[in-house]
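K.L.:
Below is the sequence, then the predicted model.
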Number of protein chains: 2
Amino acid sequence: MTTPDLIDVHPAWLPVEAFRAVGSRRTLVHGDGMLVDTLFDEVERACAANGGTVRRAADPHHGVPATAGGPDAARAQAAATPAQLVFALTATVPGPAPGFRGEAVRSADGDPVEAARAGLGATAVGALGAEGFAVTRQGEVTVVLAEEPAGLLYGLFEVVRRGEAAFGPPYPARVHRPAARRRMLDHWDNVDVHPVMGQVERGYAGGSIFWRDGRPRRDHARLRAYARLLAACGVNAVSVNNVNVHATEARLLTGRLDDVAEIADVLRPYGIRVHLSVTFAAPVVLDALPTADPLDDAVRAWWAETTRRVYARIPDFGGYVVKADSEGQPGPFSYGRDHADGANLLAEALAPHDGVVHWRAFVYDHRQDWRDRSTDRARAAHDHFAPLDGRFRDNVVVQVKHGPIDFQTREPVSPVIMAMSATRLAVEFQVTQEYTGQQRHVCYLAPSWSEVLRFGWGDEGRTVADVAVDGGGLVAVSNVGDDPFWTGHPLAQANLYAFGRLAWDPRLTPQAVLDEWIDLTFDPAATADPETLRRTLHEVMDDSWRSYERYSAPLGVGFMVRPSDHYGPDVDGYEYTSWGTYHFADRDGVGVDRTRATGTGFTGQYPPPWSQVYESTASCPDELVLFFHHVPYGHLLHSGRTVIQHIYDTHFDGVAEVAETRRRWTSLAGLVDAAVHARVGERLDEQLRCAQEWCDQVNAYFYRKSGVPDAQGRALH
Amino acid sequence: MTTPDLIDVHPAWLPVEAFRAVGSRRTLVHGDGMLVDTLFDEVERACAANGGTVRRAADPHHGVPATAGGPDAARAQAAATPAQLVFALTATVPGPAPGFRGEAVRSADGDPVEAARAGLGATAVGALGAEGFAVTRQGEVTVVLAEEPAGLLYGLFEVVRRGEAAFGPPYPARVHRPAARRRMLDHWDNVDVHPVMGQVERGYAGGSIFWRDGRPRRDHARLRAYARLLAACGVNAVSVNNVNVHATEARLLTGRLDDVAEIADVLRPYGIRVHLSVTFAAPVVLDALPTADPLDDAVRAWWAETTRRVYARIPDFGGYVVKADSEGQPGPFSYGRDHADGANLLAEALAPHDGVVHWRAFVYDHRQDWRDRSTDRARAAHDHFAPLDGRFRDNVVVQVKHGPIDFQTREPVSPVIMAMSATRLAVEFQVTQEYTGQQRHVCYLAPSWSEVLRFGWGDEGRTVADVAVDGGGLVAVSNVGDDPFWTGHPLAQANLYAFGRLAWDPRLTPQAVLDEWIDLTFDPAATADPETLRRTLHEVMDDSWRSYERYSAPLGVGFMVRPSDHYGPDVDGYEYTSWGTYHFADRDGVGVDRTRATGTGFTGQYPPPWSQVYESTASCPDELVLFFHHVPYGHLLHSGRTVIQHIYDTHFDGVAEVAETRRRWTSLAGLVDAAVHARVGERLDEQLRCAQEWCDQVNAYFYRKSGVPDAQGRALH
């Protein structure tokens, strides 16, 4: 299985088999535009593989209907036969909507497209929006309606996802609209190979698909394949370079803008807009201005002119991404300005072009003194940003990591998300598994993200998903590289897919998303035992995040990873560093006191009820108890176990679960592609080795500190 | 101050001022040969700066005496005036020795050279050896006699070292002979920049003086200056590439031999022979032989022919250095052979050319399981090598690190040194400060080396120095790079100097060596306050190694450094790794039980009395107690303090000592060169910061584990 046009690259969730249902029908496409052309090409390719046909309805731009698929004689017949699948822009179909100028598809049941249009009712016009669509089954015809070409393309991928089920009994129009307007992936890809971070910072899937050794890769086939995959899961924006902007990468904004435009040209036909990470110091480093002060008129003029040039070259450019005053990146603090000043500077430049600036809230002191227990990194983003609520321009999106620290396996939700109702916020996830096994471990992250998205507070029951939907949407750090499986670990593809789907619809359950992904990727129906395949994949993946949590840092305390690469255990690795990530374990207990009563006061950053829930060990959820409290090893959890026994038990359990996963995966031989089976098998061997190492090191560490033996008498070292 | 011919490089212990006494005399040189030419050039340069003269005695090869220094008229006069300093090969002076064919230097007191020759007495002929010399003051003439040119050159540097004292009242002939025949520096320099280890593995003084980015540097002025410095402290052998031999470096043996020959040509005039680190797999990787089995005839033939070609190109080539079956390097184990088989293979190839192979005994399992407390890395070298005693060819030198682990600040002496009386051993020190502050900390290492060299055992009172002197001599890992101060930290030059001097004469005291180095390098006599300068430098340096020990890993336990770079503290950094370097601290105690009674049995590798001394905490020296024993925190040391209080006290003391050193150094402003003063000052700032970090982390670690407060109530974190 390979992606069309792409040799030796895994097709992920778009193998040719996924198009079997669409490609075996007679399809008619109404409407035009670049994305409709893309849709037509997709269906045409599907038909070539599966015997169906596709033609375009006559329209002012296409004088003669285009038809494809089958030999010439069949084509002629197809044109005369009623379609089984119709894609139509609402402006092109009959009915009350103005501007119909297309071709009806009539059958014995009447005109199904007209019926579909009518079925949308009074809310139809404008209600689908720029990317929404409706799907209905009218008699023997499946109809996809959209107002804009992007919606039609997303509709195609919905029909692909439904497969034969899209062609069953009739059903009324179902409207699909993306929850968030912007569903974005940030690539932490460097143009130059960084001496420490490499080609892709925190990349675990080989090199970059955009850049190699200082130059653009120009692998357009691969980029196009990537764009298809993203469109098929709902992503519509991509930032093409690392948020840590080094010297060469800074020049993408000006002297190397053509490199960005080239990528934009390849992604555009799939509805994906390109964004760029820029350095706040750009006026100084690129044009030798004496300052980058956001209130300086020359600086404002520089950004305005620079941005004008960007849009002259890339008219649909998405905007800027900025990591400012963070981990050594320059920012407004250098000029005595705050982050609203900084973000508004770029927003002002982008506003005339409908661009946005994603301004990251990941601001903290990374030169903290580990001896100082009063400073709390968890507080930093809220301390910096909450007071600025209301001061940001409309086209500023403050991009907030989902937790207060840094993409740990388990964190509470960042209180910043609950504190800035007058600001557009985007919530940032990390698809690349920096702290969750680096794509050597199976770790399906949708359950974690879903927990975050469903997290609610206050009397109105507002959720994280609500904030993202109403604000700047969802953003995630990509896990894609030039690996043949895209993501190193083939099962890590599911995280990329799930991110897009949850950004489109945060109410989807992780299990449902996984079902979609399994059906698309593994084509179970074509195997000898579809149910075993589906069930086993669920067993392997559904709980894999919680397994990872069990064998790694316990009870929400986080950061017990090796500092050099963030992989594998090093319990004290960050304990005496400047990074603000401590567990404070001693011979009596462990955890960080973040209470108002006796600790850093971080709990006070939460609205009710969480400000109270987290304040007391009596109400704090077990899985976060060490994030919020320093407790004795003998502290009784709600589970009825002591903290120390919980540590031992969960670590032994986690390893046993990975061993069981390894066994289950072996049993799938013959049911999944041999190359995928082998690659995942290798990774599971490493996962089992590493999980055992986590278990033994964490247990040994706490046994040596606490002196408490395991209640079950298992070996501690 | 710069080295002659070399811009912007510090002259180290050979500034022009060091030649003041020699350069202001009338000197006569008897004899010829390349090294006599070198001597003449040195004196000539000294005279040019200081107004003296030098001429060569007539000899068959120099028909007309050469004279240099002063204007022409003065030269003519000089030639007619009795010399004040005479260098002569014994074969060229009058007296009973045959072969005199030179020119006498007569004065009113008779012929001082003849007197000097006579003063050597009956032992003279042959007794000075290839590198020895005698110095005497006869009336108004200082005479240096040697049998070979190298001895004469070493005699010059001895006169330079003595300065005006060499020209005072008469004294009888003093014979100087190097204790060890070979006094060698190993450069861990890579030809290619290694992606992890860089241009110089464990190098803390910039790039390599030999190689840059895959090519030879060809900075002959710098290499010549380096050769001078080495000759002036007694080093006579240099290995030019890293013992970890990567792909490019392997080719130095064959296709890139010219690069080695070029270095040899520059070092040769100072009596320094070049050695090469080779990979045991060379026949396979360089010539595609199917095996590197040391007993295979084709492999033996390959090494014989390859070595013949090396000597055809470099007739005085020193030999090979081999790290085999160690940390991933190939070796005889792959073929079911042992290290005697492996070493003898290369020795056989080298024997016809009088070359030697330095075969490192640094062999251990670097993939050890930290859970397994029965395996002891300290045992490994003895386990591997002691049984092979007597099986090595005469031209094998087994090169043994001075301690059983790896150049830690404090280790016991390796028992291998006491276990192989039928094998030539070289003792290996580490001048580069990998584990002792990386040339950011002042750490004068001669006191440590001196302790090792004076360490004795058995009824005959044999010492480490005896083993080295009778065997393969001393070897050290160089600390030199392309830094303007040669060694990064200017005071680290003293370690390089001291290594050479101790290799020449292991009985020298560290204080005496430091005196020499101070007088040569800092020229105190020319300053406003010579005594303050000398005293303060001693205060800064004499005890600096013990200060470093106080604020780093306690009581001989070692390896509490950051794994990534071996700099700075990380108490648990190696605790759960595969490297075999553990401290086993828990809430009750700390240390490694290496006793025969209850531990790994390592103490049994020692001969009496040490096998008994180390076995019991009652006799084990405090500074090694945690190397040999796991003891409770309350264990009483011979000092009367508990282990835990010792840890606290020494760490606070160590920091205070560095603070005092910093203050003392500041007081030297105006007494030392401004650039040196500034560089050392910067490094001391970093040392103080780092020492505080060591103190706080080690103390916090043990406080959190033990729960014992400091008896003096100082802050623990």
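P.N.:
Everything's here; your move.
K.L.:
Closest approach to chain B from the stretch 551-700 of chain A, which residue is it?
P.N.:
Ranked by Cβ to the nearest Cβ, the top residue of the stretch 551-700 of chain A for proximity to chain B is residue A:586, at 3.7 Å. The C-beta positions use only the backbone N, C-alpha and C, and glycine is treated the same way.
K.L.:
burial of that residue, as a residue count?
P.N.:
Taking other Cβ atoms under 10 Å in any protein chain shown as the criterion, the count of residues near residue A:586 is 19.
K.L.:
Next, the contact list for it, please.
P.N.:
A:705, B:703-705, B:707 (Cβ atoms under 8 Å, 6 or more residues apart in numbering or on different chains).
K.L.:
Now it: which helix or strand?
P.N.:
In this structure, residue A:586 sits in neither a helix nor a strand according to DSSP states H and E.
K.L.:
per-residue pLDDT, the residue of the stretch 1-150 of chain A found nearest chain B?
P.N.:
Nearest residue of the stretch 1-150 of chain A to chain B: residue A:8, at 26.4 Å (Cβ to the nearest Cβ). Per-residue pLDDT puts residue A:8 at 86.
K.L.:
Now it: phi and psi?
P.N.:
phi 60, psi 20 (degrees, to the nearest 10).
K.L.:
Can you tell me the number of residues neighbouring the closest residue to it other than its chain neighbours?
P.N.:
Spatial nearest neighbour of residue A:8, chain neighbours left out: residue A:484 (5.7 Å); criterion: Cβ to Cβ, 6 or more residues apart in numbering or on different chains. By other Cβ under 10 Å, the residues close to residue A:484 number 16.
K.L.:
and residue A:484, that one's in a helix?
P.N.:
No. With DSSP: H, G, I helix; E, B strand; the rest coil as the criterion, residue A:484 is located in coil rather than a helix.
K.L.:
Correct me if wrong: it contacts residue A:9.
P.N.:
Yes. Counting by Cβ atoms under 8 Å, residue A:9 is a contact partner of residue A:484 at 5.6 Å.
K.L.:
Tell me, how many residues neighbour the one residue in the stretch 351-500 of chain A that gets nearest to chain B?
P.N.:
Proximity of the stretch 351-500 of chain A to chain B (Cβ to the nearest Cβ) peaks at residue A:371, 4.6 Å away. Counted with other Cβ under 10 Å, the neighbours of residue A:371 add up to 13.
K.L.:
Make sure it is indeed in a strand.
P.N.:
No. Remark: residue A:371 does not belong to a strand; assigned using three-state DSSP, it is coil.
K.L.:
ok so, going back, distance of the residue of the stretch 551-700 of chain A closest to chain B from residue A:598?
P.N.:
Counting by Cβ to Cβ, to the nearest Å, the gap from residue A:586 to residue A:598 is 16 Å.
K.L.:
picking that back up, from residue A:7, how far out is the residue nearest to residue A:8?
P.N.:
From residue A:484 over to residue A:7 the distance is 10 Å, taken as Cβ to Cβ.
K.L.:
show me what contacts residue A:636?
P.N.:
By Cβ under 8 Å, 6+ apart, the contact list for residue A:636 reads residue A:642.
K.L.:
can you pull up the bridge partners for it?
P.N.:
Assessed by DSSP bridges, residue A:636 has beta-bridge partners residue A:642.
K.L.:
what stretches of chain A score poorly on pLDDT?
P.N.:
By pLDDT under 70, the weakly predicted segments of chain A are A:1-5, A:58-80, A:93-110, A:121-125.
K.L.:
What is the lengthiest helix in it packed up against?
P.N.:
Looking across chain A with DSSP state H, the single longest helix is helix A:674-706. Under the contact definition 3 or more Cβ pairs under 8 Å, 6 or more residues apart in numbering or on different chains; DSSP states H and E, helix A:674-706 sits against helix A:544-551, helix A:643-666, helix B:674-706.
K.L.:
roughly how far out does the last one sit from the chain middle?
P.N.:
Computed by Cα atoms, centre = their mean, to the nearest Å, the separation of helix B:674-706 from the middle of its chain amounts to 26 Å.
K.L.:
is it true that the residue of the stretch 1-150 of chain A closest to chain B touches residue A:486?
P.N.:
No. Judged on Cβ under 8 Å, residue A:8 makes no contact with residue A:486 at a distance of 11.9 Å.
K.L.:
Who has more neighbours out of the two?
P.N.:
Taking other Cβ under 10 Å, residue A:8 and residue A:486 do not tie; residue A:486 has more neighbours (27 against 8).
K.L.:
Of all pairs in the contacts of residue A:586, which one is the farthest apart?
P.N.:
Longest distance between any two of those is 12.1 Å, between A:705 and B:703; criterion Cβ to Cβ.
K.L.:
For residue A:550, give me its contacts.
P.N.:
So residue A:550 contacts A:650-651, A:653-654, A:657 (Cβ under 8 Å, 6+ apart).
K.L.:
As CSV, these with distance to chain B would be great.
P.N.:
Formatted as CSV, the contacts of residue A:550 follow (distance: Cβ to the nearest Cβ, whole Å):
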residue, distance to chain B
A:650, 18
A:651, 14
A:653, 19
A:654, 17
A:657, 21
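K.L.:
Those residues of chain A touching chain B, which are they?
P.N.:
Counting by Cβ under 8 Å from any Cβ of the partner chain, chain A comes close to chain B at A:370-371, A:563-564, A:569-573, A:576, A:585-588, A:693, A:696-697, A:700-701, A:703-707, A:717.
K.L.:
One more pass at 10 Å, please.
P.N.:
Within chain A, the positions near chain B by Cβ under 10 Å from any Cβ of the partner chain are A:195, A:369-373, A:562-565, A:568-573, A:575-577, A:584-588, A:693, A:696-698, A:700-701, A:703-708, A:715-717.
K.L.:
residues contacting the residue of the stretch 101-250 of chain A found nearest chain B?
P.N.:
Chain B sits closest to residue A:195 of the stretch 101-250 of chain A, with a gap of 9.1 Å, by Cβ to the nearest Cβ. Neighbouring residues of residue A:195 by Cβ atoms under 10 Å, 6 or more residues apart in numbering or on different chains: A:246, B:195.
K.L.:
Name the SS class of the spatially closest residue to residue A:284 that is not a sequence neighbour, please.
P.N.:
The shortest distance from residue A:284 to any non-neighbouring residue, by Cβ to Cβ, 6+ apart, is to residue A:292 (5.0 Å). Following three-state DSSP, we place residue A:292 in the coil state.
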